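all I have is the shape, not the residue letters:
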């Protein structure tokens with residue numbers, strides 16, 4: 001079964017909007033696991049506008065499932081955090097400064113020397129590495145050359161096209177996943193996956209190991225409740 005990693009960034013955004021510690025992210029992390037999440041994803045950014053670096057360190061102490069830290073590995077502060085916390089997985093994302101949200105994958109060919117170096121650095125520390133990529137065969141082949149353990153398919157394009165043309169939306173991802181399988185890469189996915197499009201994605205990418213979902217899941221939780229929403233997302237992954 002594909003694992004569901006719940007991204008807690010939006011809970012942190014809500015807390016930061018008023019200061020103080022409401023909602024308490026430690027409690028949220030514990031509850032997410034208790035409600036059935038297979039993992040927790042945290043994406044600290046340099047300006048700490050949602051998840052703070054200290055949040056990552058404190059949440060690591062209460063994680064009993066998997067911890068996935070994602071972010072811009074070109075920031076030395078991020079690299080130092082990952083090596084200090086030693087999560088189960090680090091997802092390398094090519095964010096730019098001040099970027100609202102992740103909106104593209106790595107060019108694994110152009111940045112191959114740097115990515116090979118940082119991938120090796122994290123793997124030597126015992127951390128599984130996943131590289132955020134677009135569903136392009138040459139980019140996935142480039143990721144394989146880096147020695148990464150997994151790729152994370154950037155799924156915004158799929159989500160945008162899904163309601164118009166399901167087959168057209170999934171075709172590139174199905175092809176990309178098949179190539180990744182052939183190369184021995186594990187496959188994760190994330191960005192704009194929700195209760196409407198997740199089941200179809202899983203059906204067509206049968207080797208999918210993990211999805212990381214935050215924004216849509218937390219929006220659904222406002223109406224449906226946090227525990228119920230986690231279970232609804234997991235049902236889509238069966």
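Looks like it came in fine. This structure is a prediction, so every number in the text was calculated from the model and none was measured. Numbers count the residues shown, from 1 in each chain.

low-confidence bits of this structure, can you list those?
96-103 (pLDDT under 70).

just the helices in it please.
Ranges of helices in the chain, per DSSP state H, are 9-18, 25-34, 53-60, 76-85, 112-124, 137-146, 156-162, 166-182, 198-204, 215-224, 226-236.

geometric centre of the chain: which residue is closest?
residue 212 (4.1 Å; C-alpha atoms, centre = their mean).

what bridges to residue 186?
Listed beta-bridge partners, residue 186: residue 150 (assigned using DSSP bridges).

next up, the contacts around it.
By C-beta atoms under 8 Å, 6 or more residues apart in numbering, the contact list for residue 186 reads 130, 149-151, 180, 209. Placement of C-beta: from N, CA and C, glycine included.

got those as JSON lines, with neighbour count and distance to residue 218 columns?
Below are the contacts of residue 186 laid out as JSON lines (neighbours: other C-beta atoms under 10 Å; distance: C-beta to C-beta, whole Å):
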{"residue": "130", "neighbour count": "27", "distance to residue 218": "22"}
{"residue": "149", "neighbour count": "18", "distance to residue 218": "28"}
{"residue": "150", "neighbour count": "18", "distance to residue 218": "24"}
{"residue": "151", "neighbour count": "31", "distance to residue 218": "25"}
{"residue": "180", "neighbour count": "24", "distance to residue 218": "28"}
{"residue": "209", "neighbour count": "16", "distance to residue 218": "22"}
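
between those, which sits nearest residue 74?
Nearest to residue 74 among the contacts of residue 186: residue 130, at 16.4 Å, using C-beta to C-beta.

any idea how far the nearest residue to that closest one once chain neighbours are set aside is from residue 187?
What sits nearest to residue 130 in space, not counting adjacent residues and going by C-beta to C-beta, 6 or more residues apart in numbering, is residue 150, at 4.0 Å. Taking C-beta to C-beta, to the nearest Å as the measure, residue 150 falls 7 Å from residue 187.

and for these two, which residues touch both?
With C-beta under 8 Å, 6+ apart, residue 150 and residue 187 have common neighbours residue 209.

tally up the residues packed near the nearest residue to residue 200 once chain neighbours are set aside, please.
Sequence neighbours aside, residue 166 is the residue nearest to residue 200 in space, at 6.0 Å (criterion: C-beta to C-beta, 6+ apart). By other C-beta atoms under 10 Å, 15 other residues sit near residue 166.

same deal with residue 34?
Residues near residue 34, counting by other C-beta under 10 Å, number 11.

correct me, but residue 10 touches residue 214?
Yes: using C-beta atoms under 8 Å, residue 10 is in contact with residue 214, at 5.6 Å.

between the two, point out the one with more neighbours.
Shown here are residue 10 and residue 214; by other C-beta under 10 Å, residue 214 has more neighbours (24 against 17).

now do the contacts for the residue lying closest to that one once chain neighbours are set aside.
Once flanking residues are discounted, residue 214 sits nearest to residue 7: 2.7 Å by C-beta to C-beta, 6+ apart. Contact analysis of residue 7 by C-beta under 8 Å, 6+ apart lists 40-43, 190, 212-215, 217.
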